[in-house]
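Undergrad: sequence first, then the predicted structure, then my questions.
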Amino acid sequence: MSTTASPGPIILTNNKSGEITLWVTFVIFFLSPLFFILVGLQVHTRKRSFHYINATIAIISALNYYKMASGGGWKLVSQGDKLVNGEVHEIFRQVYYEHYVNWSMCTPLTIFQTAILSGMSWKDVAIFVLATEGLIQTGWVGALEENVTNKFVWWGFSILFLIWVVYSMLWIGGQAVKLQHYRVNWLYIVVVGGGAALMIAYPVLFLLGEGFGVVSVGTEQIIYSILDILARVPLGFLLIYVNEFTGDNFHLDLLPESLT
Amino acid sequence: MSTTASPGPIILTNNKSGEITLWVTFVIFFLSPLFFILVGLQVHTRKRSFHYINATIAIISALNYYKMASGGGWKLVSQGDKLVNGEVHEIFRQVYYEHYVNWSMCTPLTIFQTAILSGMSWKDVAIFVLATEGLIQTGWVGALEENVTNKFVWWGFSILFLIWVVYSMLWIGGQAVKLQHYRVNWLYIVVVGGGAALMIAYPVLFLLGEGFGVVSVGTEQIIYSILDILARVPLGFLLIYVNEFTGDNFHLDLLPESLT
Amino acid sequence: MSTTASPGPIILTNNKSGEITLWVTFVIFFLSPLFFILVGLQVHTRKRSFHYINATIAIISALNYYKMASGGGWKLVSQGDKLVNGEVHEIFRQVYYEHYVNWSMCTPLTIFQTAILSGMSWKDVAIFVLATEGLIQTGWVGALEENVTNKFVWWGFSILFLIWVVYSMLWIGGQAVKLQHYRVNWLYIVVVGGGAALMIAYPVLFLLGEGFGVVSVGTEQIIYSILDILARVPLGFLLIYVNEFTGDNFHLDLLPESLT
């Protein structure tokens, strides 16, 4: 930063509403595991896969949101020079890379649950989950990249992974789920309808935020928080009540028998 | 560090005894895999799970202790201002984060072995191991955090995980092991008696060292080294001789049959 | 770097041929997954293990080579003072640590495929893959280490792992594969003949490059790129045509059946 010209750099940071949003999201994710686990205790131990996975996702999210809410998990990233009021300023944007730490762990788990619900083959599950990790990792590199061309190439790589993720959700999963009971099929359509819309919303926000700088840092935090809550909590709710929603017609989530 | 006031910062670093301890611990962990493997070669290949896991733990520990003994693996962490001889000094403490690199790999493996010994269900094994990883990761963030409030909140998160770990050890594992032969039960009580005491000793040392600064960096290294050796070597010894200690009544450690 | 004496530091960086090589290697790895997948689509879904693993390896390699080709993934590492034209200069070398990021993910996958081909036991597969990861990780620490003694000790640790890797390839794998059809045996000899030669070539280049500085940064990139291409593409080719090469006598690569 010491190398910028005399007009001085402009630093775009989070605002009050963005900070409050991070705290509120922390509290939601901190409390929701209690709900997932309490509901889990009502069902047989072999039927608790989704309860435990969603509790794990929420705990990881709570810790990462605490990190951001308490003032950490970000880095200033140069966005190049811009002409403001007749003077050239270097623009720095506060990028919360902690979101990527969070997504790199939680999103593959969410996708794994979607895959299990569909009943796709283990091979397709593995590729689906790996492609999701590829999407997050390439987006992460893009978010911290300061060279504009490279930033968009990395974003492009993440879009290639996204295409596979959405194709897996809608087509591979959609075909596999047809072999199950019609009520599982119906639940799956609800899950991937929301899921695919959310998966596309993230890179669009990336483009408008870190990409073109149209969306402010504070607004970006509010939207990412809403997307994260929508992707984790209602989906978790649908999955932990899978027996109720499908009339006990879903059996691919059974945990293995005890060791003893 | 350039922003501190004229009295200058006080930097708390490791001392001679602390350095010698790191070297000695390196040598112990470097040699102990030989012992685990030589004993393993005496038994049937399907009975070597604990020999291989303990050798892996010791090799990882040796490499991380070499890193610290040879002068790396630490960072200076500000511990705020303190009044010393009538002057205000900023205090920096040498924090060996390499311990966390080490624990993040070795402690879940140790816990995994305890879980296998107890015969708890795979679901409980998975949660037990994940909670252990949560304990280490949140402790790691706390150790490098410079804000005092945040440091203690992260320590608090790690205590929440610790409560689950100790509960899993004593209650879940204790219930499961009762279904096995009484000699396995007896061995498990020895293992988790020592294990639970050690697991509680670590965060107490954290509080006295990085937390309140009561224990010096050198003494901290000596105590961490002793705890690590106690947690890995005698436990490894008990587990590789599980057949002798239980009179061949433990069978949950069998490796899968060959591919061919 | 501001602390070096008046003659100023000498900085050894990549050259034009090294940069072009990184771009060419990126293109080769970016295109090769298409080939692996198209060939995979010709065979039954249960026979596609090697197609998918090799496509994954190539995708990861392409992303890491893009990172390096586009100007990132390196760090300047001090190599100590050297007498040049009667003056003492501190030498800094551009070390592309991104190679280690790449190898840490791809090399264990390559080794895993070799292990599967041999038909060694799961225990031997696990130790083989872990030793490979140990080789990469200790090499990585050595590459970024600035103290000469420590650098060679880390290189020595990686050689200990290498010895196990080569022993596993030639002896353990060689014994196991004899239980299979003679054509699998023959293919395995070709694979590990090339594989062992390549595995030894890497640390030799490390010694000549980062170690003694005999090989320039540009030449190092050219050789690493050639080694990476040789280790991934011809091996991938041999494995995806395993049925053709062995006359349908290899069956250890079958993917598990569908979930539904």
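TA: The structure has been received and is ready for your questions.
Undergrad: now the residue nearest to A:Leu230 when sequence neighbours are not counted: how far from A:Leu130?
TA: Spatial nearest neighbour of A:Leu230, excluding adjacent residues (CB to CB, 6 or more residues apart in numbering or on different chains): A:Leu198 at 6.1 Å. C-beta: built from backbone N, CA, C; applies to glycine. Using CB to CB, to the nearest Å, one gets 19 Å for the distance from A:Leu198 to A:Leu130.
Undergrad: the residue nearest to A:Leu230 in helix, strand or coil?
TA: Secondary structure for A:Leu198, judged by DSSP: H, G, I helix; E, B strand; the rest coil, is helix.
Undergrad: quick check: it touching A:Ala231?
TA: Yes: A:Leu198 sits in contact with A:Ala231 when judged by CB atoms under 8 Å, with a separation of 4.9 Å.
Undergrad: and the two? Which one has more around it.
TA: Neighbour totals were compared for A:Leu198 and A:Ala231, and A:Ala231 leads with 23 against 18 (other CB atoms under 10 Å in any protein chain shown).
Undergrad: which helix or strand contains A:Val214?
TA: Element membership for A:Val214 (DSSP states H and E) is empty, with no helix or strand holding it.
Undergrad: next, it: phi, psi?
TA: Backbone dihedrals for A:Val214, given as degrees, to the nearest 10, come out at phi -70, psi -40.
Undergrad: kindly report the same for A:Asn85.
TA: As for A:Asn85, its main-chain torsions (degrees, to the nearest 10) stand at phi 50, psi 40.
Undergrad: for stretch A:141-156, the averaged confidence score.
TA: Computed over stretch A:141-156, the mean pLDDT rounds to 95.
Undergrad: distance from it to the middle of the chain?
TA: Taking CA atoms, centre = their mean, to the nearest Å, the mean C-alpha location of stretch A:141-156 is offset from the chain mean by 19 Å.
Undergrad: how about it, does it reach chain C?
TA: Yes: shown here: stretch A:141-156 in contact with chain C (CB under 8 Å from any CB of the partner chain) through A:Val141, A:Glu145, A:Asn147, A:Thr149, A:Asn150, A:Val153.
Undergrad: what is the nearest of the residues you listed to chain C?
TA: The shortest distance between chain C and any of those, using CB to the nearest CB, involves A:Asn150 and amounts to 4.9 Å.
Undergrad: quick check: that closest one touching C:Ala69?
TA: No: here A:Asn150 lies out of contact with C:Ala69, judged by CB under 8 Å, at a distance of 10.1 Å.
Undergrad: the two: which is more packed in?
TA: Shown here are A:Asn150 and C:Ala69; by other CB under 10 Å, C:Ala69 has more neighbours (21 against 17).
Undergrad: re earlier: ok, which of the residues of stretch A:141-156 next to chain C also contact chain B?
TA: Restricting the residues of stretch A:141-156 next to chain C to those near chain B - CB under 8 Å from any CB - leaves none.
Undergrad: B:Phe245: which of those is nearest?
TA: Nearest to B:Phe245, judged by CB to CB, of these is A:Val141 at 50.5 Å.
Undergrad: not counting its neighbours along the chain, what's nearest that closest one?
TA: Using CB to CB, 6+ apart, the nearest residue to A:Val141 is A:Trp154, at 4.9 Å.
Undergrad: which residues are in contact with that neighbour?
TA: With contacts defined as CB atoms under 8 Å, 6 or more residues apart in numbering or on different chains, the neighbours of A:Trp154 are A:Thr138, A:Gly139, A:Val141, A:Gly142, A:Glu145.
Undergrad: so which of these belong to strands?
TA: When DSSP state E is applied, the contacts of A:Trp154 are split such that none fall in strands.
Undergrad: any idea how many residues pack against A:Tyr97?
TA: 15.
Undergrad: same question, A:Thr13
TA: Residues contacting A:Thr13 under the criterion other CB under 10 Å number 14.
Undergrad: for it, give me the pLDDT.
TA: Listed pLDDT for A:Thr13 reads 94.
Undergrad: how many residues are close by the closest residue to it other than its chain neighbours?
TA: For A:Thr13, the nearest residue in space outside its immediate sequence neighbours is A:Gln94; the separation is 4.5 Å by CB to CB, 6+ apart. When counting by other CB under 10 Å, one arrives at 17 neighbours for A:Gln94.
Undergrad: same deal with A:Gly156?
TA: 11.
Undergrad: in which helix or strand does it reside?
TA: Under DSSP H and E, the secondary-structure element containing A:Gly156 is helix A:148-167.
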